[in-house]
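Colleague: Okay, sequence plus prediction incoming.
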Amino acid sequence: MSINKNKLFFASCLALTVTAMTFAIRAGILSQLGRDFSLTDAELGWINAMAFLGFPVATMIGGVLYNLVGAKKLILMAFFGHLLGVVLTIAAEGFWGLLISSFCIGFANGSVEAGCNPLVANLYQNNKTAMLNKFHVWFPGGIVVGALVSKLMTDLGLDWTLQIAVMLLPTALYGYLVLQQDFPREEQATTSTTNNLAALVSPLFLFMALCMTLTATSELGTQQWIERILGAAGASPMLIMAMITGVMAVGRYFAGPVVKKFNAEGVLLYSAVATSIGIYSMSLSTGGMLYVSALVFALGVTYFWPTMLGFVAENIPQAGAVGLSVMGGIGMFAVSIWNPVIGRWIDQARETALARSAGPEEAELIAGQATLQNLGVFPLVCILAFVALNIYMHKTRNSDATHPDHSAESTGLGSNKI
């Protein structure tokens, strides 16, 4: 069996690019969907929620199946899910059709994470956090591509169905590449699903899973609604999306030295602080200042997702593929729960503004700013959580240095407490 790490990594990155394009393009066409199908923001929230719900369903199933069927079959499952989701979206005739197609795309996106995250960790045993960051370059990278494609096609007056259809080409390409490659076997020490599941009830893992709900909502809850939140603030939401994700891509590509210098928990604390400042600043900004505020937000959320996964891969290795899949699934499940809530925040804030005699444009601006202020609570809580994590990890490393025979406790399987 000939394993080509570079081709496998490239195929994984391309699959993640498609995942990201689904987020960007669907975010870019929300207003068109609302107009064409007469949908409220709350209904659009439920449609968004299905994409985020399909993701954790796939990661939970995929995490358990990974040890049995391997990464290749999971990524091929993603390929067929993306094809089905795109076709059903184009054929949708209303709310329910969009709801079902969104779930299919979300399921495909989750299958990519379930297959590719443990695959990358397995391919690069000695550099997991850095390579997971480098792999996750292509989530913001794909959003840049999707955001620019969506803006260009919208500016040209092209129908939203054509924007969705664009995703068929990269989907077909990554499916072909996966079919052509041999995949490695998972390390025997981490292939026991029973051992993986046992690691999920460790205090450290449970704490990180809770934090994942906050970091994912801070990042994705804000970005998925960016067109609705910032549409009346005097700047181009899709250009802001492209800028945010461009910064994220560059930051993740060069994450290795940053993680090495500050450790994963230090990077997470920095991310929470910068994200809080960015969201708060965006809630007060209009016009050109929005780009500055969005830049701060981007510098914050850059490392959230891959560093959360990298922390678990390195500090709780017994969780294996199941642990990485559960982490991703929990993050997306949280976003799926909050999406309808975010939609209601927008609807309610708009109604309140209109009741106070605000004009339609002013009401949209007020609604977006009020929603950002609500979203800003999530990274604020993360700051407190990651301060505690840094203190805990500092004590653990000092204890391991003093008592090397106790180093196994740092994996989070014993009686570790936060």
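Modeller: Happy to help now that I have it.
Colleague: what residue ranges in the stretch 151-300 of the chain score low on pLDDT?
Modeller: 186-191 (pLDDT under 70).
Colleague: Do a quick rundown of the strands in it.
Modeller: Here the stretch 151-300 of the chain has no strands by DSSP state E, counting those that start in this stretch.
Colleague: hey, where'd the helices end up in it?
Modeller: Per DSSP state H, counting those that start in this stretch, the stretch 151-300 of the chain carries helices over the ranges 160-165, 168-180, 193-199, 203-216, 222-224, 226-230, 237-253, 255-282, 289-301.
Colleague: Tell me the buried residues in the last one?
Modeller: Read it as helix 289-301. 290-291, 293-301 (16 or more other Cβ atoms under 10 Å). Where you see a C-beta, it was placed from the backbone N, CA and C, and this is true even at glycine.
Colleague: Just send the helices of the stretch 151-300 of the chain back as a markdown table, with distance to L68 too.
Modeller: Shown next, in a markdown table, are those (distance: least, Cβ to Cβ, whole Å):
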| stretch | distance to L68 |
| --- | --- |
| helix 160-165 | 33 |
| helix 168-180 | 18 |
| helix 193-199 | 8 |
| helix 203-216 | 22 |
| helix 222-224 | 32 |
| helix 226-230 | 39 |
| helix 237-253 | 31 |
| helix 255-282 | 29 |
| helix 289-301 | 34 |
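Colleague: between those, which one is nearest to V312?
Modeller: helix 203-216 (5.9 Å; Cβ to Cβ).
Colleague: The closest one to helix 255-282, inter-axis angle?
Modeller: In terms of direction (axes from the mean of the first three to the mean of the last three Cα atoms, to 10 degrees), helix 203-216 departs from helix 255-282 by 50 degrees.
Colleague: if we look at helix 203-216, which residues are touching it?
Modeller: By Cβ atoms under 8 Å, 6 or more residues apart in numbering, the residues outside helix 203-216 that reach it are 199-200, 268, 271-272, 304-305, 308, 311-312, 315-316, 319, 323, 326-327, 330-335, 378-379, 381-382, 385-386, 389, 412, 415-418.
Colleague: Buried only: go through those for me.
Modeller: Buried members of these, scored by 16+ other Cβ under 10 Å, are 199-200, 268, 271-272, 304-305, 308, 311-312, 315-316, 319, 323, 326-327, 330-335, 378-379, 381-382, 385-386, 389, 412, 416, 418.
Colleague: What residue, apart from its backbone neighbours, is nearest T161 spatially?
Modeller: I90 (4.8 Å; Cβ to Cβ, 6 or more residues apart in numbering).
Colleague: next helix or strand past the one helix or strand that neighbour maps to?
Modeller: I90 belongs to helix 71-91 when assigned by DSSP states H and E. Next helix or strand after helix 71-91 toward the C-terminus (DSSP H and E): helix 95-123.
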